[in-house]
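*Asks:* Dropping a prediction and its sequence here:
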Amino acid sequence: QVQLVESGGGLVQAGGSLRLSCAASGGAFTSYGMGWFRQPPGKDREFVAAIARSGGSTYYRDSVKGRFTISRDNAKNTVFLQMYSLKPEDTAVYYCAAGTPKYNDYVPVSRYTYWGQGTQVTVSS
């Protein structure tokens, strides 16, 4: 059983930056691909970014490419999401997830087994 705890959310003005962290415990961190998802108000949860177990491969939704960077520190069982040039449309609850996606298919929610409780990111215009 893996526990995931996100931190780093908050209120920021458009154009600002935030760094989200997700600390994992209770399992073999390097056994899991890690993903960040978000759920905007009134919308479904959506894929944001993912990183393979070794950190060698990363994946992003188109709207965040060039602005967000996912990374992981396997020695500290932590995954990060560095967000730059934030926009009001980035406002959402951000969730960290752990799973074992097959065939490098990191996008679907169903590929992930463990989820954090979420952290709110609000970008004001």
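*Replies:* Everything's here; your move.

*Asks:* Could you use CA atoms for every contact and neighbour count after this?
*Replies:* Noted.

*Asks:* Count the neighbours of the spatially closest residue to Val12 that is not a sequence neighbour for me.
*Replies:* Nearest residue to Val12, sequence neighbours excluded (CA to CA, 6 or more residues apart in numbering): Val123, at 5.0 Å. Neighbourhood size, Val123 [other CA atoms under 10 Å]: 20.

*Asks:* My reading is that Val123 lies in a strand. Confirm?
*Replies:* Yes - under DSSP: H, G, I helix; E, B strand; the rest coil, Val123 sits within a strand.

*Asks:* Just want the most central residue of the chain.
*Replies:* Trp36 (1.9 Å; CA atoms, centre = their mean).

*Asks:* correct me, but that residue touches Cys96?
*Replies:* Yes - contact criterion CA atoms under 8 Å: Trp36 and Cys96 qualify, at 4.7 Å.

*Asks:* Which parts of the protein are strands?
*Replies:* Assigned by DSSP state E, the chain shows strands spanning 3-7, 10-13, 18-25, 33-39, 46-51, 58-60, 68-73, 78-83, 92-99, 112-115, 119-124.

*Asks:* where does the protein have low pLDDT?
*Replies:* For the chain, no stretch is flagged by pLDDT under 70.

*Asks:* quick one on the thing from earlier: might you report the residue contacts of the residue nearest to the centre of the chain?
*Replies:* Phe47, Val48, Ala49, Ala50, Leu81, Tyr94, Tyr95, Cys96, Ala97 (CA atoms under 8 Å, 6 or more residues apart in numbering).

*Asks:* which residues does it bridge with?
*Replies:* Legend: beta-bridge partners of Trp36 under DSSP bridges are Ala49, Cys96.

*Asks:* Show me the contact partners of stretch 117-125.
*Replies:* 4-14, 86-96.

*Asks:* Mind doing that once more with 6 Å?
*Replies:* Gly9, Gly10, Leu11, Val12, Gln13, Ala14, Pro88, Thr91, Ala92, Val93, Tyr94, Tyr95 (CA atoms under 6 Å, 6 or more residues apart in numbering).

*Asks:* Surely Leu86 and Ala14 touch.
*Replies:* Yes - judged on CA atoms under 6 Å, Leu86 makes contact with Ala14 at a distance of 5.3 Å.
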